[in-house]
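K.L.:
Kindly generate the corresponding structure for this input.
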Amino acid sequence: MCLAIPGKIISITNQLDETFRQGKVSFGGIMKEVNLCMVPEAKVNDYVLVHVGVAISTIDEEEARITFDYLKQIGEVDELTETT
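P.N.:
Below you'll find the model as predicted:
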């Protein structure tokens, strides 16, 4: 099974144009670089679902919190700390 992890966009770190962007995303305090090209509407402080390093959709803060809490409970967030 594949999972998408919710995170909050902290900053846009690289932007070639309006579509090709990268950003720093926080997953409960764990920061990762994420490709933002599939969510051109996303901006700093928005929450996104991230799958294999690519933000695939935006979500609201409450949905992000609930989903992240469930993932922590089942141990799926532990993988985030293994690599940067």
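K.L.:
what bits of this structure have low per-residue confidence?
P.N.:
The chain contains residues with pLDDT under 70 at 1, 79-84.
K.L.:
where exactly do the helices run in it?
P.N.:
Secondary structure of the chain, counting by DSSP state H: helices at 61-73.
K.L.:
which residues in it form strands?
P.N.:
Residue ranges of the strands in the chain, as given by DSSP state E, are 5-15, 21-27, 30-35, 47-51, 54-59.
K.L.:
Just the terminal-to-terminal distance for stretch 42-52.
P.N.:
With C-alpha to C-alpha, to the nearest Å as the measure, stretch 42-52 spans 18 Å from end to end.
K.L.:
can you give me how far that stretch is from the chain middle?
P.N.:
On the basis of C-alpha atoms, centre = their mean, to the nearest Å, stretch 42-52 sits 4 Å off its chain's mean C-alpha point.
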